[in-house]
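Undergrad: The following block contains a protein sequence and its predicted model.
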Amino acid sequence: MFSGEGLVYVFCLLSIPFVEVEQRILISYSYIGPLHKDCGIHSSKRNSYVGNISVFKDIEEKIQQGHNIFLISNHQTEADPAVIALLLETTNSYLSENMTYIAGDRVVTDPLCKPFSMGRNLICVYSKKHMNDVPELTEMKRKANTRSLKEMALLLRGGSQIVWIAPSGGRDRPDPVTGEWYPAPFDASSLDNLRRLAEHSAAPGHIYPLALLCHNIMPPPLQVEKEIGEKRMISFHGTGLSVAPEITFSDISASCQNPEEARETYTQALYKIVTEQYNVLKSAIHCKQGLKASTPNVSLSQPWN
């Protein structure tokens with residue numbers, strides 16, 4: 001989709017203030033290059049790591065076979081897509097270039113966030129955290145989210161899609177007591193909606209837990225803010241990305257007694273694996289352990305070396 005000619009498709013599947021799906025934008029200038037370069041300036045590859053490269057290769061093979069892939073991830077900053085692209089450009093550039101991101105409304109309304117969204121495939125939804133910020137708009141937001149789910153279902157019918165989603169509904173924040181950053185808890189209902197979409201699609205669907213560590217390059221405010229226009233600081237730091245093997249709902253929920261228990265059990269299983277990978281990346285980057293931080297479940301590498 002993103003060729004050397006610099007043709008970039010930007011999808012925003014929501015009503016006002018988003019661009020409707022029919023209004024696909026074909027841009028003659030590629031926004032990927034400058035943003036990719038800017039993110040690279042602030043990301044130290046010498047102190048960056050990728051976990052389980054072999055799983056990323058397995059994902060790419062499934063996409064080529066027409067399957068749909070869902071990456072269940074934590075969310076650190078607006079630069080997450082650029083960081084993913086930077087870390088995978090050597091081995092799996094196809095994945096990052098063709099990934100569709102389930103994004104909140106701020107990525108196309110906040111002046112700071114918007115540049116990171118240009119040149120990316122987006123399906124925009126209103127986060128539960130901001131659903132009732134303006135009570136008069138709550139119903140409009142719910143209807144917009146319903147339309148986005150329908151558009152996503154249509155997208156999945158064609159197969160060969162790779163979708164990134166953060167079921168937490170927002171960016172990670174540090175623990176208020178310890179100051180340590182950690183993946184925000186996942187919302188079970190959001191994850192269950194995605195799983196149902198995957199199951200009802202004509203193409204086979206696969207769900208993989210993904211961990212991302214990059215908050216240091218552009219940390220969000222310590223608290224969730226309602227207003228647009230956050231004060232941000234940018235710094236140079238290592239980043240990390242790791243994916244675990246596919247986690248199937250049937251395997252995790254086999255012993256559950258009812259649908260609600262199954263939903264919660266599956267959500268917690270995915271969250272636990274994402275957190276485990278995140279902690280390995282933190283040991284490698286923040287604790288300076290490097291490749292020695294690898295575990296039996298997370299094999300770290302620097303494929304650009």
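TA: Structure's in. What do you need? Numbering: from 1, shown residues only.
Undergrad: ok, which stretches of this structure are strands?
TA: 8-10, 25-27, 49-51, 68-73, 99-104, 121-125, 162-165, 205-213, 240-243, 300-301 (DSSP state E).
Undergrad: Now do the fourth one: distance to the chain's middle.
TA: On the basis of C-alpha atoms, centre = their mean, to the nearest Å, strand 68-73 is displaced by 8 Å from the centre of the chain it belongs to.
Undergrad: next one: the shortest one
TA: Strand 300-301 has its average C-alpha position 20 Å from the chain's average C-alpha position, going by C-alpha atoms, centre = their mean.
Undergrad: Tell me the strands beside it, with direction?
TA: Sheet neighbours of strand 300-301, with direction, are listed as strand 49-51 (antiparallel) (DSSP bridges).
Undergrad: hmm, who's touching the partner strand?
TA: 56, 87-88, 91, 211, 238, 240-243, 277, 280-281, 284-285, 290-291, 293, 298-303 (C-beta atoms under 8 Å, 6 or more residues apart in numbering). The C-beta positions use only the backbone N, C-alpha and C, and glycine is treated the same way.
Undergrad: just stretch 246-260 next, same as before
TA: Stretch 246-260 has contacts (C-beta under 8 Å, 6+ apart) with 195, 199, 206-209, 261-263, 265-266, 269-270, 273.
Undergrad: all helices in this structure, in order from the N-terminus.
TA: Taking DSSP state H as the criterion, the chain carries its helices at 32-42, 53-64, 80-88, 93-98, 114-117, 138-157, 188-200, 249-253, 259-285.
Undergrad: Buried residues in stretch 136-155, which are they?
TA: 141, 144, 145, 148, 151, 152, 155 (16 or more other C-beta atoms under 10 Å).
Undergrad: would you turn the residues you listed into CSV with pLDDT and distance to residue 161?
TA: CSV is the format used below for those (pLDDT from 0 to 100; distance: C-beta to C-beta, whole Å):
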residue, pLDDT, distance to residue 161
141, 84, 25
144, 81, 21
145, 81, 19
148, 82, 15
151, 85, 12
152, 87, 9
155, 90, 6
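Undergrad: Tell me where the model's unsure across this protein.
TA: 1-43, 105-119, 130, 223-232 (pLDDT under 70).
Undergrad: Would you mind measuring from the residue of it positioned farthest from its centre to residue 270?
TA: When each C-alpha in the chain is compared with the mean C-alpha position (C-alpha atoms, centre = their mean), residue 257 comes out farthest, at 31.0 Å. Counting by C-beta to C-beta, to the nearest Å, the separation of residue 257 from residue 270 is 20 Å.
Undergrad: And for residue 165?
TA: 11 Å.
Undergrad: Now do the shared contacts for these two.
TA: With C-beta under 8 Å, 6+ apart, residue 165 and residue 270 have common neighbours residue 72.
Undergrad: before we move on, back to that, and the buried residues of stretch 136-155, which is closest to residue 190?
TA: residue 145 (10.2 Å; C-beta to C-beta).
Undergrad: Deepest in the core, which of the helices of the chain is it.
TA: Stretch with highest mean neighbour count among those: helix 80-88 (a mean of 25; mean count of other C-beta atoms under 10 Å).
Undergrad: Please write out the alpha-carbon positions of stretch 165-177 in CSV.
TA: Output for stretch 165-177, consisting of C-alpha atoms alone and laid out as CSV, is shown next (Å, rounded to 0.1, in the frame of the first residue of the first chain):
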residue,chain,number,x,y,z
ILE,A,165,-5.7,-2.8,19.2
ALA,A,166,-5.1,-1.7,22.9
PRO,A,167,-8.0,-3.1,24.9
SER,A,168,-7.1,-0.8,27.8
GLY,A,169,-8.8,2.1,25.9
GLY,A,170,-5.9,4.4,26.4
ARG,A,171,-2.2,4.9,27.1
ASP,A,172,-0.3,3.3,30.0
ARG,A,173,0.4,5.4,33.1
PRO,A,174,2.9,4.9,35.9
ASP,A,175,1.8,3.4,39.3
PRO,A,176,1.0,6.5,41.5
VAL,A,177,2.8,4.9,44.4
